[in-house]
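With the sequence up front, the predicted model follows.
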Amino acid sequence: MTTSMTTAAAEPTPAPAEPRTGDAPAASRRTRSSAAGRRTRRPHTPLNPRPSVPLTLVTGLILVYTLLPLAWLVINATKSKRGLLNSFGLWFAEDFDLWDNITRTLTYDDGVFVRWLLNTLLYVVAGAGGATVLAVLGGYALAKYDFPGRKAVFAVVIGAVAVPGTALAVPTFLMFSNMGLTNTPWAVIVPSLISPFGLYLMWVFAAEAVPTELLEAARIDGSGELRTFFRVALPLLVPGTVTVLLFSMVATWNNYFLPLIMIKDPDWYPLTLGLNAWNAQAQTAGGEAVFDLIVTGSLLTIVPIVAAFLLLQRYWQSGLAAGSVKE
C-alpha cells in the first residue's frame, strides 16, 4: 500500500490541455462583442421608443406625397414645349432645355417676369417685414406689460386667428375702393401688415424667452424702456422673429386672392397673378401657349422661399419649439 501511494505521488499530474491557436482571441472577441451589445442596447422608453413599421410607412408616403410635385416641377422645367407634351411627366425628355427655358422666361414679353418678381419682392419686404416688426413690438408689449384690457386684446387676437383671410377680402376691397387705393401696391401691402398668428406667436415666445428679472435688472441700472427692448429683449427674440418673418414671407409670396381682387394693372402683378395670366393666355383667341415658361417660372418662384428656409432653419425650428417645455 505504501508502494502504491509512493508510485501515485511520483507520477506527474497531467497538465491541462492548451487551447488551439486562435480559439482564445475568438472567444474573447465574442465575449467583448456580446458585452458591448448588452451595454449599447437600451430599453425602450418614451424617450427611446420602439421603431414602428406602420408609422415609418406612413411617414414615407407623406414624404413621397410632398416631394413628388417638386420632382415633377424640376424634371419638366428641363423640357422644351414639345418634350413637355410628348414625354412622361416624371422622367426627362431627350432634350435638356433648362437654361434656354430660364433665359426665355426672364426675357419673354420684354422681361415682364422680372417685373413681377420685383413686385413680389416689394410686397414681401414691405408687407411681411412690416408685419414682423408689428408682431414683435405687439407681442413683447402684451407679454411683458400689464395694462387694462389685456385680456380683451387676447380674445380679439385669438378670434382674428380663427377668421380666414378670404372672409375679409370683400370688405377690405370695398374699404380700399372708397379710399381710392385699389390697383395700387398699397392695396396689397397694407392688409399684409396685419398678422394675428404672428402676433400670438410672438406673445407666447416673448413670455418664455425674455425673463422678467432681466428686464427689472436693466431698469434698476437706469436703462430706459426703448434701450431695454433693443439691447436686452430683442436679441433674445431673434428665433421667434425669424419664425414670424418666414411665415409672413410665405403668406405674402404665395398670396393670390388678395392681389386678384385688388390689382388690375399687369405692371403691378405679383408672380402668382403673372403666371396665372400666362396660363390663361393659351385659352384666349390668338394667344400663345407658353406652358414650358409657366413650369420654368414656377420653379424660379419657389427657389427664394426654399433658400430662405434652408438658410434660416436653425432659427425658426427653435422658434416653433418655444413654450413647449416648462422649466
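Alright, I've got the coordinates.

Every contact and neighbour count from this point should use C-alpha atoms.
Fine.

Contacts only, for Asn183.
262-265, 268 (CA atoms under 8 Å, 6 or more residues apart in numbering).

and the residues you listed, which are buried?
Restricting the contacts of Asn183 to buried positions leaves 262-263, 268, with burial counted as 16 or more other CA atoms under 10 Å.

So which of these sit within helices?
For the buried ones among the contacts of Asn183, the ones inside helices are Met262, with DSSP state H as the criterion.

from the buried ones among the contacts of Asn183, which is closest to Trp91?
Proximity of the buried ones among the contacts of Asn183 to Trp91, judged by CA to CA, is greatest for Trp268, which lies at 35.9 Å.

Quick one: residues contacting the closest one.
Trp268 makes contacts with 116, 119, 183-185, as judged by CA under 8 Å, 6+ apart.

Ok, Tyr256 next?
For Tyr256, the contacting residues are 272-273, by CA under 8 Å, 6+ apart.

and what of Gly129?
Residues in contact with Gly129, defined by CA under 8 Å, 6+ apart, are 245, 248-249.

Please, where are all the helices along the stretch 51-200 of the chain?
Per DSSP state H, counting those that start in this stretch, the stretch 51-200 of the chain has helices spanning 53-76, 81-86, 98-123, 129-144, 150-162, 169-179, 186-192, 196-209. These are given in chain order.

Leu293: which of those helices is closest?
Of all those, it is helix 98-123 that lies closest to Leu293, at 5.4 Å by CA to CA.

Which strands and helices lie in contact with the closest one?
If you count contacts as 3 or more CA pairs under 8 Å, 6 or more residues apart in numbering; DSSP states H and E, helix 98-123 packs onto helix 238-253, helix 271-281, helix 291-320.

let's see it at 7 Å
Applying 3 or more CA pairs under 7 Å, 6 or more residues apart in numbering; DSSP states H and E, one finds that helix 98-123 contacts helix 271-281, helix 291-320.

Helix 291-320 and that one, what's the angle between them?
Angle, helix 98-123 to helix 291-320, by axes from the mean of the first three to the mean of the last three CA atoms, to 10 degrees: 50 degrees.

buried sites along helix 98-123?
Of the residues in helix 98-123, 98, 101-102, 104-106, 112-113, 115-121, 123 count as buried by neighbour count, 16+ other CA under 10 Å.

rewinding a little: could I get the contacts of Asn183 in TSV, plus columns for distance to Phe197 and pLDDT?
As requested, those are exported to TSV (distance: CA to CA, whole Å; pLDDT from 0 to 100):
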residue	distance to Phe197	pLDDT
Met262	23	93
Ile263	25	93
Lys264	29	92
Asp265	31	91
Trp268	27	94
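
on that earlier part again, nearest to Phe230, out of the helices of the stretch 51-200 of the chain?
Proximity to Phe230, assessed across the helices of the stretch 51-200 of the chain by CA to CA, is greatest for helix 129-144 (10.6 Å).

just how off-centre is that closest one within its chain?
On the basis of CA atoms, centre = their mean, to the nearest Å, the separation between the geometric centre of helix 129-144 and that of its chain is 21 Å.
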